[in-house]
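# any chance you can model this:
(2 chains)
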Amino acid sequence: MLLSALRHRLRERPPLPPVPPPASAPPRPPFAFSPRRLRLGPQHPLLEDGDVQRHLYLREALTGRAEEAERPRVSEFYCHISGCSQVFDTLEGYEHHYNALHRNVCSFCRRSFPSGHLLDIHISEWHDSLFQIMAEKQNMYKCLVEGCVEKFKSSKDRKDHLVTVHLYPADFRFDRPKKAKSGAKHVSCPTDHDGSVLMDVSVETSEQLQADHMEVVPSESMEVPQPAASPSLPEKRLYKSRIPSTICFGQGATRGFKGPRKKV
Amino acid sequence: MWGRRRGAGPGGGAEELRARRREREAALRKARREQQLVSKRLLREDEAERGHDGAGDAAEAVLEPVLQGEVSELLRGVQRGSEDRRRWLRCLRRALQSKETQQEFVRLDGAVRTLVGLFTCSLPDVQLEAARCLHELSHSSDAAVAEACVPVTSYLLTYLSGHSIELMELCLYTLGNLVVESEVVRKKLLPQGIIPVLASCIQSPHEAVLEGLGYVLSQLLQAKEAPAEIIPLVLDSVLPQHMLRLVCSGLKFGTGAAVEFAWCLHYIVCSHTANVELMSLGAVPALTSLLCDIAFEISQSDSEGLELLICPVLRCLGNLLAEETGHEVQPQDERLLVALFVVMQCYLQQHPFIIPESLWLINNLTADEPFFCSALLSMDLLPALLQLLPHSQTVSVLVLTVLCNIAEKGPAYCQQLHQQAALPLLLHVLMVPDPEVVGQCLELLHLLFLHWPQVAVDFVRQGGHQTLEQHQSTPELQERVRALLDMALQPQDASVFSSPSAASSTFSQMM
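Numbering: from 1, shown residues only, chains lettered A, B, ... in the order given. All right, here's what the predicted structure looks like:
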């Protein structure tokens, strides 16, 4: 039987002769055969070889991106966000930088968040005056876990919920309650900290900065790396607040329009 | 990210590599029998770091452990906030490729905490490098090392809602590695919301993200407690429909992701808890059509790696069609049968593990459906089926079972089997010293003698009864051997045969 003939059958489907009527009889001892469709459980011996191949693949698969050193170089360019002086020579480096620092940025206080969900919660809790009024009447503090619809009277209640129900760490980094003196953050400017261009850190008060880094590095908490070249930063920064999720910069630019991620 | 398997590296000839592969396979088989088979995937950047052992597990590619005391030096370097923190992290990451270093590192006070802090910091480069360190730890073969990473899980999930592809990929493979570590880890990830996060992530357009996500899900779904605790959550989400969509688009887009999701579907299907839901999503026709497309693809070009997609797709179809309601949703599409024969023909030499699984699916198609029995005969697939008889014990029994399915459908089918020269091959099978194979062959001969007496006449003419007599002393066979000999040696006694001869000659007229 030729493969080409079979291939033809996969596409063309020439008509088949009619199916002859079946005439089955029940098995008679000592013969016992009767047709059975078989269901195989995960541990069935017939599946052993296939499972072994699957696991060999998992263990041997080389999942990886090109080494940074091997990525195509482009001529050096600066991050286009006003006030950010980060320099790049690969598109990948820029893409990660942009997504990590500038994508989910609060337009009021310039803090950067890892997800749109956390940014939305931050904006309403920190910058929406209606929120404060509403919060006195009903539960307004949304759970930080995507997919959980619980709301709470206060951020403390939410923290309890996060810790007991969702098993989150008690010091979850992205759950900073709004402090009374939070207004101070607006006056902070990057030159306060050695010209650092740390985005969310630099716009916080130095007290908050210290607190952040206390978690990270118990000693010498004030020292932060200086990734940028230019020490002279413009005082005023303009950030685009939210970029529509369909817009995608860098490598994935074209894909961004084809299948936009849905925000929940 | 798909399909880049470790090629043959320097050192070690082909024979040596094969021997090492056999060793590795034996270890996996043993682990599977002990229900301990878990694997992890490694996401690493550069070729040079993967070591030179061309055939080793990814985990084996390690550097020399760093000297005593150097680990804490690295940790201090990382903690010291300074411009070259990133360089320290990179050194640490390389050092963490050795198991001894991993063990020493997680025992250091505040070490994992430091990594978690850097992983959640706002310096993108530092964050990535810290994520890579955590990934190395998650890949450890020492459970204590991987479990030390558990405090990071809530952050791994948080960043999956972000937009940095590279970071998401690292988070996914790290999660996938942690998930198989213990039930304790999974018990923590479920309340942390891993399923809703994955459900929103699966709508990502990025291939690399989708493959990583499929990996995490497949690891979750393999868990012992999955049928009771994980699969219900998955079914309640949008995951199943997306999984099916991504599997079915696997030839055109994202084969790596399709492979992962196909294994996910397999784990769900064989848990036997969700098949009604999957069938209502149209899984059977969708997977049938995919299998036909893959068969077409491999019949014209050498597409390496597709066996890893075919295997779980076959299994899903096999088990779904074994359901009570399975044959109701089964399209009467003979192309599925053709596709299976194409797959078997293409992979007989290179990937023989596909053969028994394909035959199992053919069994499920032919067991209750005269349509597929008739299609197999009329499309001339019988010679290809008979060719497989001497392949192995398992394969022989499965081939004979499919032949029994066909013969059981009555005289017209038996006549056709006889015309297509099945008998001489069956006489060969009778000489095999394996009672299970011979036993199945006796069942087949009985059906053939019963429905189409001419087979018995030709059997005796070709000396089959003499071969048969050799088995008279085998306890589990002797009764059937005697009954067959009685039938074969008195073919003129029409009362032995139930088939009315008038009904029996219709097949060739209808063809």
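# flag the shaky bits of the stretch 351-500 of chain B, pLDDT-wise.
By pLDDT under 70, the low-scoring segments of the stretch 351-500 of chain B are B:491-500.
# domains of the chain?
In the absence of a named chain, chain A is used. Domains of chain A are assigned by automatic domain parsing as A:71-103+A:243-264, A:104-226+A:233-242.
# if you could check chain B rather than the one you did, that'd help
According to automatic domain parsing, the domains of chain B span B:58-148, B:161-281.
# just say which of the ones you listed is most tucked in.
domain B:161-281 (a mean of 22; mean count of other CB atoms under 10 Å in any protein chain shown). Where C-beta positions appear, they are placed from N, C-alpha and C, glycine not excepted.
# can you give me the end-to-end distance of that one?
Start-to-end span of domain B:161-281 (CA to CA, to the nearest Å) is 27 Å.
# same question, stretch B:136-146
When the termini of stretch B:136-146 are compared using CA to CA, they are 9 Å apart.
# that older thread, rank the domains of chain B by pLDDT, which is bottom?
Least confidently modelled of those is domain B:58-148, at a mean of 86 by mean pLDDT.
# can you tell if that domain touches chain A?
Yes. Applying CB under 8 Å from any CB of the partner chain, one finds domain B:58-148 in contact with chain A at B:58-59, B:79-86, B:110, B:113-114, B:117-118, B:120-128.
# cool, and stretch B:151-169?
Yes. Contact of stretch B:151-169 with chain A (CB under 8 Å from any CB) involves B:151, B:154-155, B:158-159, B:161-167, B:169.
# and the domains of chain B as CSV, adding distance to residue A:165?
Output for those, formatted as CSV (distance: least, CB to CB, whole Å):
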stretch, distance to residue A:165
domain B:58-148, 21
domain B:161-281, 6
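# of all those domains, which one is nearest residue A:77?
domain B:58-148 (15.8 Å; CB to CB).
# thinking again about what came up before, looking at the residues of stretch B:151-169 next to chain A, which are in helices?
Within the residues of stretch B:151-169 next to chain A, residues falling in helices by DSSP state H are B:154, B:155, B:158, B:159, B:165, B:166, B:167, B:169.
# enumerate every residue touching the residue of the stretch 51-200 of chain B found nearest chain A.
Closest residue of the stretch 51-200 of chain B to chain A, CB to the nearest CB: residue B:196 (2.5 Å). Contact analysis of residue B:196 by CB atoms under 8 Å, 6 or more residues apart in numbering or on different chains lists A:145, A:146, A:147, A:148, A:264, B:237.
# sec struct for the closest residue to chain B within the stretch 1-150 of chain A, please.
Of all residues in the stretch 1-150 of chain A, residue A:147 sits closest to chain B, with a separation of 2.5 Å (CB to the nearest CB). Under the three-state scheme (DSSP: H, G, I helix; E, B strand; the rest coil), residue A:147 adopts coil.
# same check, this time on residue B:390
Under three-state DSSP, the three-state class of residue B:390 is coil.
# touching, it and residue B:426? I think so.
No. With contacts counted by CB atoms under 8 Å, residue B:390 stays clear of residue B:426, the gap being 12.0 Å.
# okay, these two: which has more neighbours?
Per other CB atoms under 10 Å in any protein chain shown, whichever of residue B:390 and residue B:426 has more neighbours is residue B:426, with 23 against 13.
# I figured that one was touching residue B:440, is that so?
No. Residue B:426 is beyond contact range of residue B:440, at 10.4 Å (criterion: CB under 8 Å).
# what is the burial count for residue A:120?
Residue A:120 has 16 neighbouring residues, counting by other CB under 10 Å.
# could you do residue B:401 as well?
22.
# returning to that earlier point: mind checking how far the residue of the stretch 51-200 of chain B closest to chain A is from residue B:273?
With distances taken as CB to CB, to the nearest Å, residue B:196 is found 20 Å from residue B:273.
# and the pLDDT at residue B:15?
Note for residue B:15: predicted pLDDT of 87.
# to which secondary structure element type does it belong?
Counting by three-state DSSP, the backbone at residue B:15 sits in helix.
# cool, residue A:101 as well?
helix.
# so where do the helices sit in the stretch 51-200 of chain A?
With DSSP state H, counting those that start in this stretch as the criterion, the stretch 51-200 of chain A has helices at A:91-97, A:116-127, A:129-137, A:155-164, A:199-202.
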